[in-house]
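K.L.:
Sequence and predicted structure below; questions after.
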Amino acid sequence: MELKNDLLLRAARGEKTERTPVWMMRQAGRILAEYRAVREKAGSFIQLATTPELAAEVTLQPVDLLGVDAAIIFSDILVVPEAMGLPYEMIEQRGPVFPATVHSLKDLEKLHVAEPETDLKYVLDAIKITKQGLENRVPLIGFAGAPFTIFCYMTEGKGSKTFSVAKKHLYADPEFSHALLQKITDSTIAYLKAQVVAGANLVQIFDSWAGILSPEQYRIFSLPYIKQICDAINEVPVTVFAKGAFFARKEISELSCEVVGLDWNMDIRESRALIPNKTLQGNLDPCVLYASYDQIKIEVKKMLEQFGTQRYIANLGHGVYPDTDPDKVRCFIESVKEYSSL
Ligand SMILES: Cc1c2[nH]c(c1CCC(=O)O)Cc1[nH]c(c(CCC(=O)O)c1C)Cc1[nH]c(c(CCC(=O)O)c1C)Cc1[nH]c(c(C)c1CCC(=O)O)C2
């Protein structure tokens, strides 16, 4: 089955593209009234995420309504801890909370390596239904959290500015920390492979909390586990997005992934020099989408001039903020398409 628009996959593989592909992290979400309507119908975020037909419906919305060059499966990185035996709740206006957390090898014994075919069947079903709905229009992106970011939530139990509970374990109990990270990694590899079998055309690893670690801790507690995942996934291109890990760009360039995501703190030309061998993705500050249409166009033009139009996937430097005007989002997407056309 050939994709009608395979710009994302060609850019990921380093092949020439007629223009730069564009999509947005968190494109399936609250910016769209159509998403909020389906979420209302579902009753809760978790209901929506665990009902494959509805998850597929909101995955398709940005393709139909915004004109992006890829869909990303509607789910969350926290489905992996849940599949391992640690359920989460999504509290309105606050975010995710884990009623029970993990702090010792004894706690870890109660968790199992996720078996995607049973524990995460609802995501795999959502991927299959989405693929039917896409009718090969654009590629479908699968994803998972990086083991370190998942470790943060499983130990801290909720979002945090410092994740000091999570980091405490790294210093105080490295043996437990590595054991938990390895169990998450084994679960994640099985999960991403199952996503690919179900139909994902590329997978992205989100290390959202990379930036809270020192370079040395990042090398010990995050990179080796991301490396295991990159080494295991050879079926489709892999994107590594480590938010805030400007200090690890050289090491990330040595991973066996095809694409590296940048946030807006990372200088584009400097990043090209540090990561010369891979496709880059990013990195517009999501707050640019609060500016005027003219200003958005200027910022997109600047970004494209610095990245160039090749070996590049346009995106924001992190997820789109929920109160962004969808028309400003369309302006961003249209500007990338217009200014990058050869
Ligand atoms: C850290 C993280 C999480 N989840 C995710 C990350 C990594 C990316 C990042 O750094 O933002 C990843 C994620 N979460 C969601 C997606 C969907 C696909 C997409 O469109 O990108 C993706 C890729 C849906 C979601 N995940 C969540 C929502 C909002 C909940 C809702 O709609 O009620 C959505 C659409 C909730 C969520 N989920 C998480 C948090 C901290 C929150 C609360 C903050 C918020 O509300 O945005 C954990």
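P.N.:
Received the coordinates, thanks. Numbers count the residues shown, from 1 in each chain.
K.L.:
C-alpha from now on. contacts and neighbour counts both.
P.N.:
Will do.
K.L.:
Let me know how buried the residue in the chain positioned nearest to the ligand is, in neighbour terms.
P.N.:
With Cα to the nearest ligand atom as the measure, the residue in the chain that lies nearest the ligand is Arg26; the distance is 3.0 Å. For Arg26, the number of neighbouring residues by other Cα atoms under 10 Å comes to 18.
K.L.:
pretty sure it is in contact with Val320, am I right?
P.N.:
Yes - applying Cα atoms under 8 Å, one finds Arg26 in contact with Val320, separated by 5.7 Å.
K.L.:
residues contacting Lys193?
P.N.:
Contacts of Lys193 were listed using Cα atoms under 8 Å, 6 or more residues apart in numbering, and they are Ile233.
K.L.:
Now it. Its backbone dihedrals?
P.N.:
With angles defined as degrees, to the nearest 10, Lys193 sits at phi -60, psi -40.
K.L.:
and it, how far is that from Asp186?
P.N.:
Using Cα to Cα, to the nearest Å, one obtains 11 Å as the distance from Lys193 to Asp186.
K.L.:
on that earlier part again, just give the nearest non-adjacent residue to the residue of the chain closest to the ligand, would you?
P.N.:
Nearest in space to Arg26, with sequence neighbours left out and distances taken as Cα to Cα, 6 or more residues apart in numbering, is Gly319 at 4.9 Å.
K.L.:
Can you name the residues that contact the one you found?
P.N.:
Met24, Met25, Arg26, Gln27, Pro286.
K.L.:
run the last query once more with 7 Å
P.N.:
The contact partners of Gly319, taken as Cα atoms under 7 Å, 6 or more residues apart in numbering, are Met24, Met25, Arg26.
K.L.:
Dig out what the nearest residue to the first one once chain neighbours are set aside forms beta bridges with.
P.N.:
Okay, so that is Met24. On the basis of Cα to Cα, 6+ apart, the spatially nearest residue to Met24 that is not a chain neighbour turns out to be Asn315, at 5.1 Å. Per DSSP bridges, the residues bridged to Asn315 are Asn283.
K.L.:
Could I get the contacting residues of Asn315?
P.N.:
Under the criterion of Cα under 7 Å, 6+ apart, the contact list for Asn315 reads Val22, Trp23, Met24, Gln281, Gly282, Asn283, Leu284.
K.L.:
circling back to that earlier point, Tyr321 is in contact with the residue of the chain closest to the ligand, correct?
P.N.:
No - look at Arg26 against Tyr321 with Cα atoms under 7 Å: they stay out of range, at 8.2 Å.
K.L.:
Next, give phi and psi for the closest residue in space to Ser208 that isn't next to it in sequence.
P.N.:
In space, Ser208 comes closest to Lys243 once its chain neighbours are excluded; the distance is 5.0 Å by Cα to Cα, 6+ apart. Note on Lys243: its backbone torsions stand at phi -70, psi 130 [degrees, to the nearest 10].
K.L.:
pLDDT score assigned to Lys243?
P.N.:
Per-residue confidence (pLDDT) for Lys243: 98.
K.L.:
Contact partners for it?
P.N.:
By Cα under 7 Å, 6+ apart, the residues touching Lys243 are Asp207, Ser208, Trp209, Ala210, Gly211, Asp263.
K.L.:
Likewise for Lys227?
P.N.:
Listed by Cα under 7 Å, 6+ apart, the contact set of Lys227 reads Leu255.
K.L.:
how close does it sit to Pro116?
P.N.:
Distance from Lys227 to Pro116, by Cα to Cα: 21 Å.
K.L.:
How about Ser208?
P.N.:
Applying Cα to Cα, the value for Ser208 to Pro116 is 23 Å.
K.L.:
Between these two, which is the more surrounded one?
P.N.:
In this comparison of Ser208 against Pro116, neighbours counted by other Cα under 10 Å, the higher total goes to Pro116 at 23 against 19.
K.L.:
So the more buried one sits against Tyr191, correct?
P.N.:
Yes - using Cα under 7 Å, Pro116 is in contact with Tyr191, at 5.3 Å.
K.L.:
The ligand contacts on the stretch 1-150 of the chain?
P.N.:
25-30, 45, 72-77, 95-96 (Cα under 6 Å from any ligand atom).
K.L.:
List the ones among the residues you listed that fall in strands.
P.N.:
Ile72, Gly95, Pro96 (DSSP state E).
K.L.:
and those, which are buried?
P.N.:
The neighbour-count criterion (16 or more other Cα atoms under 10 Å) marks Ile72, Pro96 among those as buried.
K.L.:
For Glu334, state which of the ones in strands among the residues of the stretch 1-150 of the chain next to the ligand is nearest.
P.N.:
Distance to Glu334, by Cα to Cα, is smallest for Ile72 among those, at 18.9 Å.
K.L.:
So that closest one sits against Leu140, correct?
P.N.:
Yes - assessed by Cα under 7 Å, Ile72 is found in contact with Leu140 at 5.6 Å.
K.L.:
Give the residue farthest from the middle of this structure.
P.N.:
Most distant from the centre of the chain: Lys106, at 30.7 Å, with distances by Cα atoms, centre = their mean.
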